[in-house]
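Q: Sequence and predicted model, in that order:
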Amino acid sequence: MAEIQQVNGHQVLDYMARDYDSLLDSMRALIPSKLPEWTEYTSEADFGNVLLELFAHMGDILSYYQDRIANESFLGTAQTRRSIIQHLRLIGYHLGTAVPASALLEVTFPASFTDKVSIEKGNAFATKSLRDRKSVRFEYTQEQPLVIDARTLPPETMTENGNKKVVKRYRPGIPVEEGRLYKDQVIGTSDGSANQRFRLIHPGVIVRPLGPAQQVNPDIVLRTQLNGTIQPWALRETLAFSRAGQRDFILEIDESDRATVVFGDGAFGAIPAAGSIVQASYRVGGGTLGNVAARTIISIVDAPQLAHGSVTNPGPATGGNDRESIEHSVTQAPMVFRSLKRAVTTEDYQALALAVNGVSKVRAVASSWNAVTLYVAPTGGGQLSDVLEANLLAFFEDKRPVTTKIEIADVDFVNVYVTAQVTIKSYYVRETVRKQAALAAGALLALDNVDFGQTLYLSRFYDVLTSIDGIESVNITEFRTQGDPAGTVASNGRITLGVNQIPRAPAESEDPGYPDGVQVIADGGG
């Protein structure tokens, strides 16, 4: 609370008073000198006191908004996504939308099936819905249909529920991505004015970084229709370089992930003719929820031509990532701006690659004067998907030197095995503390907390485990990589990895003994 000051025996206004209490005290302190006849101002029933409280309340609100405006005016102090979006538009940086997971499906037909089937864009498949998890939809997104001729598929024997049967299986894989396609939705009618804006009906539109691939297989297809004449429009990052008659548009995505189509003003980008119906085809979805496990995509939602067959995903779906966070954008945007969106040095390649949503870690290596290899770890770990690789290559197409070749490679993940024996105090629940210890130690090997060529120290695991309430003592009996003998502890208490290696905890499917990243054996407790 601010102090009331006096100058030459008179109360002065205290401009440091900012909250309700200090404003009210400041005004009350001025009453004896300004209105000496008012003696009942301390009474809660006095109407003047009610007015003072109202003024203090309004002053408190205005102070809050003043602070809010001051904070939101700078990128380093802004807290709301809306302000961050506006700041980053000034340097041409757009926050990444959610990235859909991708998977490869195999389809199985009865041995007697001899038809030819065609998988079309928009054909959908899904996981089964569970009590705690809703169904996840995947779609075939390629422009060209995938034709499967069952007559050319060799028969094979498979075992199902202990019974053997002869089937035909298409193994090369049907590429699918998580999300839902909305086709030819009418989003408005042009009135012929400049800078028209039309909002897409569904939030969460999927938009990849703009590049040459977008011209071949765009994420959003926009058309205008007038008197039977259909005109296509092209998505651009900005209209600043569009000519007067060029049918371009931009997409603005707000803090609620709602997208708005913005047309030009006639000087920078064409204006849709008055009366034109604006139609949009786009996909929505994305996020980590699409990273489903292997053999979980088993439902045929919208592909009636496959009614005689069954589908599944032999491997897990990977590459799904939530929308770009404020923290990531504040850190990443200045680096992208300094690179001027041109990839010259390895630092430029790394900064730009990290701007592609779905990329968690990246290391750029110049293998020769005109070749760069990017070692990429996708969000959530795992192997690099074909979709993310294609997005990266397309993204760098207009940013790399013409003579430079880019290769995208998988990161060499190294499993790190940690086993700890802990003694739990008698008045703690043993299983609760053990679980907490396993999760805390396993977090040290989470992808967000590790990096290329990192050195892991045994002492760090001791620090984390001993800091947990309820643990009396800790003895780590195993600290090794997947290539070392089981039950050993690395010499000198450290594990040093190669420059292209990233440590990780073994997946439960690889070793059920490490469900939480590390194995914690508890003794004692209740």
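A: Received, thanks.

Q: hey, let's count contacts and neighbours off CA atoms from now on
A: Fine.

Q: List the contacts of stretch 494-512.
A: Around stretch 494-512, the neighbours that count as contacts under CA atoms under 8 Å, 6 or more residues apart in numbering are 363, 375, 411-417, 442, 445-447, 450-458, 480-481, 514-518.

Q: Which of those residues fall within strands?
A: Assigned to strands by DSSP state E, the following of the contacts of stretch 494-512 qualify: 363, 375, 412-417, 455-457, 480-481.

Q: okay if I get those residues as a markdown table plus distance to residue 399, neighbour count and pLDDT?
A: Below are the ones in strands among the contacts of stretch 494-512 laid out as a markdown table (distance: CA to CA, whole Å; neighbours: other CA atoms under 10 Å; pLDDT from 0 to 100):
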| residue | distance to residue 399 | neighbour count | pLDDT |
| --- | --- | --- | --- |
| 363 | 17 | 22 | 93 |
| 375 | 18 | 22 | 93 |
| 412 | 27 | 19 | 90 |
| 413 | 29 | 19 | 90 |
| 414 | 32 | 17 | 91 |
| 415 | 35 | 19 | 90 |
| 416 | 37 | 22 | 92 |
| 417 | 41 | 26 | 92 |
| 455 | 33 | 15 | 93 |
| 456 | 36 | 20 | 94 |
| 457 | 39 | 15 | 94 |
| 480 | 41 | 24 | 92 |
| 481 | 38 | 23 | 91 |
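
Q: Out of those residues, which comes closest to residue 405?
A: Residue 405 has its nearest neighbour among those in residue 375, at 14.2 Å by CA to CA.

Q: so what does the helix ranked longest in the chain touch, helix or strand wise?
A: Longest helix of the chain, by residue count under DSSP state H: helix 47-72. Of the remaining helices and strands, those touching helix 47-72 by 3 or more CA pairs under 8 Å, 6 or more residues apart in numbering; DSSP states H and E are helix 20-34.

Q: by contact count, what packs against the helix it packs on?
A: Counting contacts by 3+ CA pairs under 8 Å, 6+ apart, the secondary-structure elements packed against helix 20-34 are strand 10-11, helix 47-72.

Q: would you turn those into JSON lines with mean pLDDT and mean neighbour count?
A: Written out in JSON lines, the entries for these read as follows (pLDDT from 0 to 100; neighbours: other CA atoms under 10 Å):
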{"stretch": "strand 10-11", "mean pLDDT": "51", "mean neighbour count": "15"}
{"stretch": "helix 47-72", "mean pLDDT": "88", "mean neighbour count": "15"}
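
Q: Mind checking these for the one nearest to residue 355?
A: Proximity to residue 355, assessed across the helices and strands packed on helix 20-34 by CA to CA, is greatest for helix 47-72 (22.8 Å).

Q: confidence score at the residue positioned nearest the centre of the chain?
A: Residue closest to the average C-alpha location in the chain (CA atoms, centre = their mean): residue 322, at 2.5 Å. At residue 322 the predicted local distance difference test score is 90.

Q: Now for the closest residue to it other than its chain neighbours, how many residues are close by?
A: Counting by CA to CA, 6 or more residues apart in numbering, residue 322 lies nearest to residue 287, which is 4.0 Å off, once chain neighbours are set aside. Neighbour count for residue 287, taken as other CA atoms under 10 Å: 20.

Q: Same check on the one 3 residues further on?
A: Residues lying near residue 290 (other CA under 10 Å) number 28.

Q: gap between the residue nearest to it when sequence neighbours are not counted and residue 329?
A: In space, and not counting its chain neighbours, residue 290 is closest to residue 101: 5.1 Å by CA to CA, 6+ apart. Residue 101 sits at a distance of 21 Å from residue 329 (criterion: CA to CA, to the nearest Å).

Q: more neighbours, these two?
A: Neighbour count, other CA under 10 Å: between residue 101 and residue 329, residue 101 has more, with 28 against 22.

Q: Could you pull up the residues touching the more buried one?
A: Taking CA under 8 Å, 6+ apart, we find residue 101 in contact with 177-178, 286-288, 290-291, 317-321.

Q: any chance of the residues you listed in CSV, plus secondary structure and distance to residue 246?
A: Rendered in CSV, the data for the contacts of residue 101 read as follows (DSSP: H, G, I helix; E, B strand; the rest coil; distance: CA to CA, whole Å):
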residue, secondary structure, distance to residue 246
177, strand, 32
178, strand, 33
286, coil, 31
287, coil, 34
288, helix, 37
290, helix, 37
291, coil, 39
317, coil, 39
318, strand, 38
319, coil, 35
320, coil, 34
321, strand, 34
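
Q: Looking at these, which is nearest residue 97?
A: Using CA to CA, the shortest approach to residue 97 within the contacts of residue 101 belongs to residue 286, at 8.0 Å.

Q: Tell me how many other residues surround the closest residue to the closest one other than its chain neighbours.
A: Computed as CA to CA, 6+ apart, the closest residue to residue 286 that is not its neighbour in sequence is residue 100, at 3.7 Å. Residue 100 has 31 neighbours, counted by other CA under 10 Å.

Q: ok, so what distance separates residue 100 from residue 139?
A: Separation of residue 100 from residue 139 (CA to CA) stands at 11 Å.

Q: For those two, list the residues in contact with both.
A: Jointly contacting residue 100 and residue 139 under the rule CA under 8 Å, 6+ apart are 177-179.

Q: who wins for neighbours among those residues?
A: Counting by other CA under 10 Å, top hit in those: residue 178 with 31 neighbours.

Q: how about the helices in the stretch 101-250 of the chain?
A: The residue ranges that make up the helices of the stretch 101-250 of the chain, judged by DSSP state H, counting those that start in this stretch, are 212-216.

Q: Show me the shaky parts of it.
A: Judged by pLDDT under 70, the stretch 101-250 of the chain has its weakly predicted residues at 210-217.
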